[in-house]
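Turn this into a structure:
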Amino acid sequence: MKRRVVITGMGAVTSLGLGADMLWQGIKSGTSGISKIERVDVSDLPTKVGAEIKDFKPDDFIDKKELRRMDRFSQYAMAAAKMSIEDSMLDVDNINRERMGVIVGSGIGGIETLETQHNVLLEKGAGRVSPFFVPMLIPNMASGLIAIKYGAKGYNECTVTACASSSNAIGEAFKVIQRNDADIMIAGGAEAPITKLGLAGFCSSKTMTTKEDPADACKPFDLERDGFIMGEGSGIVILEELEHALSRGANIVAEIVGYGCTNDAFHITAPAEGGEGGARCMKMAIGDAGISPTDIGYINAHGTSTDLNDKNETAAIKTVFGEYAYKLPISSTKSMTGHLLGAAGAVEVIITAYALKESFLPPTINYKTPDPECDLNYIPNVGINKDITYALSNSFGFGGHNATLVLKAMK
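Presented below is the predicted three-dimensional model:
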């Protein structure tokens, strides 16, 4: 019999605020975390807006000496991990820490460090490059630092699957507990891509919006969408084996019951025609959960606000759900958080868990003009109260990576 896995703590650092609760309150109210970019000079870039975090004080979460050895993405991860541990009320000093592990994904890792140290190399020479350059740069360092902080000596890895990274991290952590290789996993993702180089790269790939009004820039599934909004931050969840959680009286938010992981094997950036890989991924996750497609009551879509993603994800949903797809509530919460790349999936799992717990399905804001190729119910502009049992969250990434998670309400 498979071991059951539940979410007992959640932490988030996003443009909607610090903490999972602030994230959820912003999502419920349809608040946009998108604004004009201030940290980086974007005067020579076609993209001027992003979901930038403006109120983060890292020394509220991390020792100042340690901060100097961390890229921004690791700082976000450490802060979100601290909040998730506190939210779970987990006493890390009184558990078997060899049975506690960490999987934290990142699509890009320490790109700010790379950019800064490359400038040092060019301006001051090789001898002035920081000895902490490599450990600050590598994407696995968030996972390593969290393990060091909390003494998590068990299963530990880092998933790097572009925009599917943190959904894969949570899915793999779910499987680690399910197969009895751990009792507790700290899982999620972190990303800090709002740098000049990060922005320039995505602008060159023609995947980002050129709209300058933050209130109208991110329009998932809308006919007038023209690209995604870059976000930053972290989402971390505490996963626990059900009996372990019950034995300590943990506050259980939701259960993870299904995980799908596939690849399009098609193109380095474009999704397969008709969302074929995403459809297989959803079917895999639903099959893993042991339920029928019609049991799903809500989908938190990948919904990037790009032409190719939105129409192909819509097609994939139709493939999996048939006529039921037209009755199924779907939303893209990236319309409010922006696209956190490797951290997006974890943030969206947190949102999906709240949706199940509070029987409230979040909206897709900025939806004005229907697209004939995107003709499903995207919960336009205002969320809805609805009691559901199962929800699905999608994440798709460059390289053809697909990850889907199925969550269940704890009734």
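
switch to C-alpha atoms for all contacts and neighbour counts from now on
Noted.

Distance of D307 relative to V49?
When distances are taken as CA to CA, to the nearest Å, D307 and V49 turn out to be 19 Å apart.

Between the two, tell me which one has more neighbours.
Using other CA atoms under 10 Å as the criterion, D307 and V49 rank with V49 on top: 26 against 20.

Give me the pLDDT for the closest residue to that one other than its chain neighbours.
Beyond its immediate neighbours in the sequence, the residue positioned closest to V49 (CA to CA, 6 or more residues apart in numbering) is K36, lying 4.3 Å away. Per-residue confidence for K36 comes out at a pLDDT of 97.

Tell me which residues touch S74, please.
For S74, the contact set (CA atoms under 8 Å, 6 or more residues apart in numbering) comprises 110, 141-142, 145, 190.

Mind telling me the two of those residues farthest from one another?
Pairwise distances across the contacts of S74 peak at 13.6 Å for G110 and L145 (criterion: CA to CA).

on that earlier part again, could I get the contacts of S74 as TSV with pLDDT, neighbour count and secondary structure?
Conversion of the contacts of S74 to TSV gives the following (pLDDT from 0 to 100; neighbours: other CA atoms under 10 Å; DSSP: H, G, I helix; E, B strand; the rest coil):
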residue	pLDDT	neighbour count	secondary structure
G110	98	27	coil
M141	98	25	helix
A142	98	33	helix
L145	98	19	helix
A190	98	38	strand
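
residue boundaries of the helices in the stretch 51-200 of the chain?
Using DSSP state H, counting those that start in this stretch, the helices of the stretch 51-200 of the chain run over 64-67, 72-88, 111-124, 133-137, 141-150, 165-178, 196-204.

between those, which gets nearest to I351?
Using CA to CA as the criterion, the shortest distance between I351 and these is 12.8 Å, found for helix 165-178.

Would you mind pulling up the elements that that closest one packs against?
Based on contacts counted as 3 or more CA pairs under 8 Å, 6 or more residues apart in numbering; DSSP states H and E, the elements that helix 165-178 packs against are strand 5-14, strand 100-105, strand 184-191, strand 233-241, strand 254-263, helix 344-358, strand 401-409.

Swap in 7 Å and give it another go.
In terms of contact count using 3 or more CA pairs under 7 Å, 6 or more residues apart in numbering; DSSP states H and E, helix 165-178 is assigned the packing partners strand 5-14, strand 100-105, strand 184-191, helix 344-358, strand 401-409.

Please save the CA atoms from the second one in CSV.
Output for strand 100-105, consisting of C-alpha atoms alone and laid out as CSV, is shown next (Å, rounded to 0.1, in the frame of the first residue of the first chain):
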residue,chain,number,x,y,z
MET,A,100,14.1,14.4,6.5
GLY,A,101,15.3,15.5,3.0
VAL,A,102,15.3,18.5,0.7
ILE,A,103,14.5,18.9,-3.0
VAL,A,104,14.6,22.5,-4.2
GLY,A,105,14.6,23.3,-7.9
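
So what's the gap between it and the chain middle?
Between the centre of strand 100-105 and the centre of its host chain there is 14 Å, according to CA atoms, centre = their mean, to the nearest Å.

And for that strand, what's in contact with it?
Residues external to strand 100-105 that are found in contact with it (CA atoms under 7 Å, 6 or more residues apart in numbering): 142-143, 147, 152-160, 165-166, 169, 173, 182-190, 342.

Can you get me a residue count around the nearest residue to P372 once chain neighbours are set aside?
Nearest in space to P372, with sequence neighbours left out and distances taken as CA to CA, 6+ apart, is L223 at 8.0 Å. Number of residues near L223 (other CA under 10 Å) recorded here: 17.

now H118
Residues lying near H118 (other CA under 10 Å) number 16.

mind checking how far it is from V40?
17 Å.

pLDDT score assigned to D55?
At D55, the predicted lDDT confidence score is 87.

for it, what are its contacts?
D55 touches nothing, counting by CA under 7 Å, 6+ apart.
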